[in-house]
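Asks: predicted structure and sequence below. I'll ask about it afterward.
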Amino acid sequence: MFEKLQERLSGVFDKLTRRGALSEADVDEAMREVRVALLEADVALPVVKDFVAKVREGAVGERVVKSVTPGQMVVKLVHDELIKTLSAGEGVEPGLDLNAPAPVPILMVGLQGSGKTTSTAKIAKLLKEKHGKKAMMASLDVNRPAAQEQLKVLGEQVGAATLPIIVGQQPTEIATRALQSAKLQAVDVLLLDTAGRLHVDQQLMDEMKAVSAISAPRETLLVVDSLTGQDAVNVAQSFAGQVDLTGVVLTRMDGDARGGAALSMRAVTGKPIKFAGTGEKMDALEVFQPARVANRILGMGDIVSLVERATETIKVEEAEAMAARMAKGQFDMNDLRNQLGQMRRMGGLSGLAAMLPGIKQVKQAMANGAGDDKVLVRMEAIIGSMTPKERAKPELLNAKRKIRVAKGSGTTVQDVNKILKMHQEMANMMKKMKKMGGLKGMAAMLGKGGGLGGMLGGAGGMPQMPSGGGGLPGLGGSAPFNLPPGFDKFIKK
């Protein structure tokens, strides 16, 4: 989402960091470019003016001008100001405020098509799996065809209760019944999904006010589609003027929007962004963390989120089995397939690249090599076309067998050779690790460019992230998170 903005800001900061001392004219020129970058990213003009003014004030100060690395000090000022712009304020924890007697009502509002119903189900799933809360959902949308049925189906998917549908009831009646039912069923959180419209109208506002008066929600969350850009800010202002909003949920943060809505929303509405939708799947919802988003915008990556996602998606049984095999220096095609599966569960190449430091170089290398998430599927297809014996002993693959595997997977013999070479490099790494003391040598190996296979193979959880060192093999980055050796060669079709 922030790719274009990131590219523009990276260009500005590259110029600054290459210079030694900075004059006031240098700072002014950089701030002009930052201003243009933010405006092109669809950030609201008042927010841009305030942002640039605050950064410039600090950038021309004596502390920056006389700094050993003044360019980097300016980058830090922009980073800090980004966090301030996005954050809810000091001492305010990210996520929902559930400090109220159960059932805690949460009112979901927004325009039709913004992803309100899906976001409701995602929040219910998150509350259940990460916070151990029992959530119930109720659809108050009596206008959109099958809206109530949609929420019921989503409730079954995420394992959350939904209020039984009674045809003909109005939103206020449904809200009253939902509160009574939630109390009887000892529900912790009640999510009320209100009706949306194609545009802001008074009927919509009056209906929401009536429901809000009955339910007395602890949180009123405005769901906004980030792809609507600057208009998303206008929608938020309209709702904020009518309803007592407590936060915003930005959907489609994984899309190609220019990112202005995220940067403008907090400053314009005065309400914090609570969640960010990052995909269509029910687990594609993140608690909005301003510091992490600021890191992504400036190309610093988001290793904390990456580690969290890895911890959530790694299967303990696979990790323990892999650790045992690593201790013996063993690594076959079945192990490689497990590693590729873990990469897909962590969000695929695009999901990983968005969190890696040195993201600019990573994405450029992937683009030049026509690399996308289909690469992982293709690689798994090649391994799946091998017989069990071939997967256990890849050296059995002669010319005839390679042709058979290529035809079976819809790829070429060259692709088969590339994945065999990548496997051999990882197998050699495992043997070296055995000589270095097995798992105890893992950190040292990772620091020398060990690869994803080693990092995800630890027993019982995530090893400590290495600092510096190998980077992404062949990709020109300096990230402390590595793809499997030879992976870059595979995606260069």
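Replies: Ah, there it is.
Asks: would you mind splitting this protein into its domains for me?
Replies: By the record's domain assignment, the chain is partitioned as 3-86, 104-300, 304-491 (automatic domain parsing).
Asks: which other helices and strands does the helix or strand hosting residue 206 contact?
Replies: Using DSSP states H and E, the secondary-structure element containing residue 206 is helix 202-215. Applying 3 or more C-beta pairs under 8 Å, 6 or more residues apart in numbering; DSSP states H and E, we find helix 202-215 packed against strand 104-110, helix 171-184, strand 189-193. From N, CA and C alone the C-beta is placed, and that goes for glycine too.
Asks: in that helix, what's buried?
Replies: Applying a neighbour-count criterion of 16 or more other C-beta atoms under 10 Å, one finds 204-205, 207-208, 211-212, 214-215 buried in helix 202-215.
Asks: which of the helices and strands packed on helix 202-215 sits most buried?
Replies: Mean neighbour counts were taken over the helices and strands packed on helix 202-215 using mean count of other C-beta atoms under 10 Å, and the top value, a mean of 28, falls to strand 189-193.
Asks: in its sheet, what does it sit against?
Replies: Sheet partners assigned to strand 189-193 using DSSP bridges are listed as strand 104-110 (parallel), strand 135-139 (parallel).
Asks: lowest mean pLDDT among the helices and strands of this structure, which one is it?
Replies: Within the chain, judged by mean pLDDT, DSSP states H and E, the helix or strand with the poorest mean is helix 452-455; its value is a mean of 35.
Asks: quick revisit: in JSON lines, list the helices and strands packed on helix 202-215 along with mean pLDDT and distance to residue 429.
Replies: As requested, the helices and strands packed on helix 202-215 are arranged in JSON lines below (pLDDT from 0 to 100; distance: least, C-beta to C-beta, whole Å):
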{"stretch": "strand 104-110", "mean pLDDT": "92", "distance to residue 429": "48"}
{"stretch": "helix 171-184", "mean pLDDT": "94", "distance to residue 429": "54"}
{"stretch": "strand 189-193", "mean pLDDT": "94", "distance to residue 429": "47"}
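Asks: got those as a markdown table, with distance to residue 408 columns?
Replies: As requested, these are arranged in a markdown table below (distance: least, C-beta to C-beta, whole Å):
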| stretch | distance to residue 408 |
| --- | --- |
| strand 104-110 | 48 |
| helix 171-184 | 53 |
| strand 189-193 | 46 |
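Asks: count of residues packed around residue 200?
Replies: Neighbourhood size, residue 200 [other C-beta atoms under 10 Å]: 15.
Asks: need the three-state assignment for it.
Replies: Reduced to three states with DSSP: H, G, I helix; E, B strand; the rest coil, the structure at residue 200 is coil.
Asks: what pLDDT is listed against the residue nearest to it when sequence neighbours are not counted?
Replies: Leaving out its chain neighbours, the residue that sits closest to residue 200 by C-beta to C-beta, 6 or more residues apart in numbering is residue 238, at 4.5 Å. Here, the pLDDT recorded for residue 238 equals 82.
Asks: and residue 408, what pLDDT?
Replies: For residue 408, the model assigns a pLDDT of 92.
Asks: ok, and the closest non-adjacent residue to it?
Replies: residue 385 (3.5 Å).
Asks: that neighbour contacts residue 401, correct?
Replies: No - if you go by C-beta atoms under 8 Å, residue 385 and residue 401 don't touch, sitting 10.0 Å apart.
Asks: all strands for the stretch 301-450 of the chain, in order.
Replies: Counting by DSSP state E, counting those that start in this stretch, the stretch 301-450 of the chain has no strands to list.
Asks: low-confidence bits of it, can you list those?
Replies: Low-confidence segments of the stretch 301-450 of the chain, defined by pLDDT under 70: 301-320, 322-323, 325-327, 329, 345-373, 433-450.
Asks: what about the helices in it?
Replies: Secondary structure of the stretch 301-450 of the chain (DSSP state H, counting those that start in this stretch): helices at 303-313, 316-327, 333-345, 348-353, 359-368, 374-384, 388-392, 399-409, 413-435, 442-447.
Asks: same question, the stretch 51-200 of the chain
Replies: 62-65, 70-86, 116-131, 147-158, 171-184.
Asks: got a markdown table for those, with distance to residue 51 too?
Replies: Written out in a markdown table, the entries for the helices of the stretch 51-200 of the chain read as follows (distance: least, C-beta to C-beta, whole Å):
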| stretch | distance to residue 51 |
| --- | --- |
| helix 62-65 | 17 |
| helix 70-86 | 6 |
| helix 116-131 | 28 |
| helix 147-158 | 38 |
| helix 171-184 | 39 |
